[in-house]
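J.: sequence first, predicted coordinates after that:
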Amino acid sequence: MAIDIQTIDQVEDVGRYKYGFETEIEMETAPKGLDESTVRFISAKKNEPEWMLEWRLKAYRYWLTMEEPTWAKVDYPKIDFQDSYYYAAPKSDADRPESLDDVDPKLLETYKKLGIPLEEQKVLAGVAVDAVFDSVSVATTYKAQLEEQGIIFCAISEALQKCPEIVQQYIGSIVPFTDNFYAALNAAVFSDGSFVYIPKGVRCPLELSTYFRINARETGQFERTLIVVEDDSYVSYLEGCTAPQRDEHQLHAAVVELVALDNAEIKYSTVQNWYPGDENGKGGIYNFVTKRGACRGVNSKISWTQVETGSAITWKYPSCILQGDNSVGEFYSVAITNNAQQADTGTKMIHLGKNTTSRIIAKGISAGRSQSTYRGLVRMGPKADNARNYTQCDSLLIGDKCGAHTVPYIEDKNRTAQVEHEATTSKISDDQLFYCRQRGIGEEDAVALIVNGFCRDVLQELPMEFALEAQQLVGISLEGSVG
Amino acid sequence: MLEIKDLHAAVDGKEILTGLTLSIGPGEIHAIMGPNGSGKSTLSYVLAGRDGYEVTGGEVLLHGESLLEMTPEERAAAGVFLALQYPVEIPGVTNMSFLKHALNGVRVQRGEEELDAAAFLKLVREKTKTLGISDDMLKRAVNVGFSGGEKKRNEILQMSVLEPSLAVLDETDSGLDIDALKVVAEGVNALRGPARSMLVITHYQRLLDYIVPDFVHVLAGGRIVESGDKNLAKELEAKGYAEFVPEAA
């Protein structure tokens, strides 16, 4: 009997422990819904300085006064902002799939097509990473190399501890929380993101990628990135990856801010392949992003290159504010929509300084029942003497149920400024398809080949390895779009 | 090698080929001549399997296998090559990349290994050298900004890389001046061989001065109305089609 009682006690102990453990998990997650206490909770979790909390609260209060924008050519049910969690601690290894055998075979099939090595597949699929896996050590090696040059590359929450004065100087100075509805929301509740600082006169020796940032695996739905490049410096930054990414959060509202000082150059490349939902778009990610770069210094340059293939809805306009004289802004974009996807994307080039130049090459490919819109603004300010812009927008339609739209805005307040705009819309012709197939190229490969040709001007702006993967991705995104 | 038996085909419900029968042996060159609207281009598209060309009767066998159930890419793998009258432009896709996709597309369908970049480059260099085509052409986008002659030479280059057993040349002479015609014909002649049959479709006799056929057929009203040797082409040139095709005068 004594043994029985002992057992009962033990079971009760386990029960209590288990209960306590669950309570602890609860503590790591902010309650559903959004109010000031949610904002305070997030800020406290990150151990942020007082000014950061104040800024978040101001953003939150401002957000309350704003209305959700409806001008984009996208259509989706109203979002209930109270029916969402705004902070959850990173998943523990116990919540992850144990091995690739536990991962959706469809996802693995796509990884295979993209030629992603097995170890990387594990990271992407969120498999619990064992101690043998060396990506962490690779990242550590990189980090040492960067630190030698005085480069800071870390999570923005880490930067708030390490170098709060730099963050304070720049955060919100390019995208203020008053900018738009989602920028305000992001400022109030952003979970984490990347921070890059390149000191004066340093050419960053590596392509910086979120992929190699330690602790970057669960950045959450409100990501915030800040990149500051001092005089005479250069950085190339890669965001996202070609592998399809799934996330339980449907709404993603990221903010990216770039600052280039005198003679500085920032090259920012994105491959966005969030889950687009099923054939009807159900369950896909809403990607509402504000990205903006300020060319503050003379002769500075910011170049955005993006390949957008995922998400149910994309709403994104990476922009450049060309303040410094002779500064250069570039935007190279490929946006592919298939099935029920909707994309409203483009750029803004705001010319303020003298002799500023900008170049926009946007390629939209629509298939299935998807809708793709290019929306772009070129503004020549009164002091932008001899400023120049060249814009080229090309749309390619596959099938007869999709749509492509081009909405260019041009505002010119300077007589010496020049603005050029070219736009084309075309279809993959039966002649082209037949020609490829007659030469032995299967129908889907033929579509991929033709579309890659159409996107070539943009894809060649991507860093080499990224460009090759992006080419594969173009084909995969359009699978099932013909025949 | 190629057996076409009582072939009937329609476009948009209108019958264009009305019982065409033709047999081509290995290594033979057959020329098909005929007035406009006689069904010359329809024949070439039907052989290649283009959508919209509906076969309503008859059969086509290549090496004893029926072509008609195959997709265009399967026919390419089976050895059918169609040099187009108007080669198509594909912006942004380099000739090199196009050729590699084509060759590997055919190889994979045949269950052969894909050629890697190095092996492919070696192969293409050999072909361009033989045909006297500059490597510069490989770097340009497929047919974009090519002159008429360059486009046709590009077709010949593709043919030499794919090494088909049946090459159909659809009005290869159209749009070429005499010098370009000679160059293209030289390329075609360089590709003659005991394992390669050719079907040369042309409106004019002059191409046949440079690509000398073993047999000449007259196509009219969707069927072959007269067959002969190369002298038939000369006869046609002198007399016109009217004698063979009373209604086409």
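T.: Yes, it's here.

J.: quick one: low-confidence residue ranges for chain B.
T.: Within chain B, the segments meeting pLDDT under 70 span B:245-249.

J.: in which helix or strand would I find the residue of it found nearest chain A?
T.: In chain B, no residue comes nearer to chain A than residue B:92, which is 3.0 Å away by CB to the nearest CB. All C-beta spots, glycine's among them, are computed from the backbone N, C-alpha and C. Taking DSSP states H and E as the definition, residue B:92 sits inside strand B:90-94.

J.: what residues does the stretch 351-483 of chain A put near chain B?
T.: Contacts of the stretch 351-483 of chain A with chain B, taken as CB under 8 Å from any CB of the partner chain, map to A:429-432, A:434-443, A:445, A:449-450, A:452-457.

J.: buried ones among the residues you listed?
T.: Buried members of those, counted by 16 or more other CB atoms under 10 Å in any protein chain shown: A:432, A:434-442, A:445, A:449-450, A:452-457.

J.: look at the residue of the stretch 151-300 of chain A found nearest chain B and say how many residues are nearby.
T.: Minimum separation of the stretch 151-300 of chain A from chain B (CB to the nearest CB) falls at residue A:271, amounting to 18.9 Å. Around residue A:271 there are 23 other residues, counting by other CB atoms under 10 Å in any protein chain shown.

J.: how about it, secondary structure?
T.: Under DSSP: H, G, I helix; E, B strand; the rest coil, residue A:271 falls in the strand class.

J.: return the residues of chain B in contact with chain A.
T.: Residues of chain B lying near chain A by CB under 8 Å from any CB: B:48, B:50-51, B:71-73, B:75-77, B:80-82, B:84, B:87-88, B:90-93, B:97-98, B:101-103, B:105-106, B:109, B:141, B:158, B:162.

J.: just the buried residues from the residues you listed, in PyMOL please.
T.: Those of the residues of chain B next to chain A that count as buried under 16+ other CB under 10 Å are selected in PyMOL with:
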select buried, chain B and resi 48+50+72+73+75+76+77+80+81+82+84+87+88+90+91+92+93+97+98+101+102+103+105+106+109+141+158+162
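
J.: restricted to helices, list the residues of chain B next to chain A.
T.: B:48, B:72-73, B:75-77, B:97-98, B:101-103, B:105-106, B:109, B:158, B:162 (DSSP state H).

J.: give me the element the spatially closest residue to residue B:34 that is not a sequence neighbour is part of.
T.: The shortest distance from residue B:34 to any non-neighbouring residue, by CB to CB, 6 or more residues apart in numbering or on different chains, is to residue B:219 (3.6 Å). Per DSSP H and E, residue B:219 falls inside strand B:215-220.

J.: name the helices or strands packed onto the helix or strand just after that strand?
T.: Remark: after strand B:215-220, the chain's next helix or strand is strand B:223-228, criterion DSSP H and E. Using 3 or more CB pairs under 8 Å, 6 or more residues apart in numbering or on different chains; DSSP states H and E as the contact test, the elements touching strand B:223-228 are strand B:14-24, strand B:215-220.

J.: in the first one, what counts as buried?
T.: Okay, so that is strand B:14-24. Using 16+ other CB under 10 Å as the burial criterion, the residues of strand B:14-24 that qualify are B:15-18, B:20, B:22, B:24.

J.: and the residues you listed, which two are the farthest apart?
T.: Farthest-apart pair in the buried residues of strand B:14-24 is B:15 and B:24; separation 23.3 Å (CB to CB).

J.: quick one: the closest residue to chain B within chain A and residue B:111, what's the gap?
T.: In chain A, the residue that lies nearest chain B is residue A:453 (3.0 Å; CB to the nearest CB). Taking CB to CB, to the nearest Å as the measure, residue A:453 falls 28 Å from residue B:111.

J.: list the buried ones in stretch B:209-224?
T.: Residues B:210-211, B:213, B:215-224 are the ones in stretch B:209-224 that count as buried (16+ other CB under 10 Å).

J.: could you dump the residues you listed to JSON lines with distance to residue B:35?
T.: Formatted as JSON lines, the buried residues of stretch B:209-224 follow (distance: CB to CB, whole Å):
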{"residue": "B:210", "distance to residue B:35": "22"}
{"residue": "B:211", "distance to residue B:35": "20"}
{"residue": "B:213", "distance to residue B:35": "18"}
{"residue": "B:215", "distance to residue B:35": "19"}
{"residue": "B:216", "distance to residue B:35": "15"}
{"residue": "B:217", "distance to residue B:35": "13"}
{"residue": "B:218", "distance to residue B:35": "9"}
{"residue": "B:219", "distance to residue B:35": "9"}
{"residue": "B:220", "distance to residue B:35": "7"}
{"residue": "B:221", "distance to residue B:35": "10"}
{"residue": "B:222", "distance to residue B:35": "12"}
{"residue": "B:223", "distance to residue B:35": "13"}
{"residue": "B:224", "distance to residue B:35": "13"}
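
J.: contacts only, for the closest residue to residue A:421 other than its chain neighbours.
T.: Using CB to CB, 6+ apart and skipping residues adjacent in sequence, the residue nearest residue A:421 is residue A:391, 4.6 Å away. Contacts for residue A:391 were tallied using CB atoms under 8 Å, 6 or more residues apart in numbering or on different chains; they are A:359-360, A:362, A:376, A:378, A:408, A:419-422.

J.: what do you get if the cut-off is 7 Å, keeping everything else the same?
T.: Residue A:391 makes contacts with A:360, A:376, A:378, A:408, A:420-422, as judged by CB atoms under 7 Å, 6 or more residues apart in numbering or on different chains.

J.: perfect, I'm done here.
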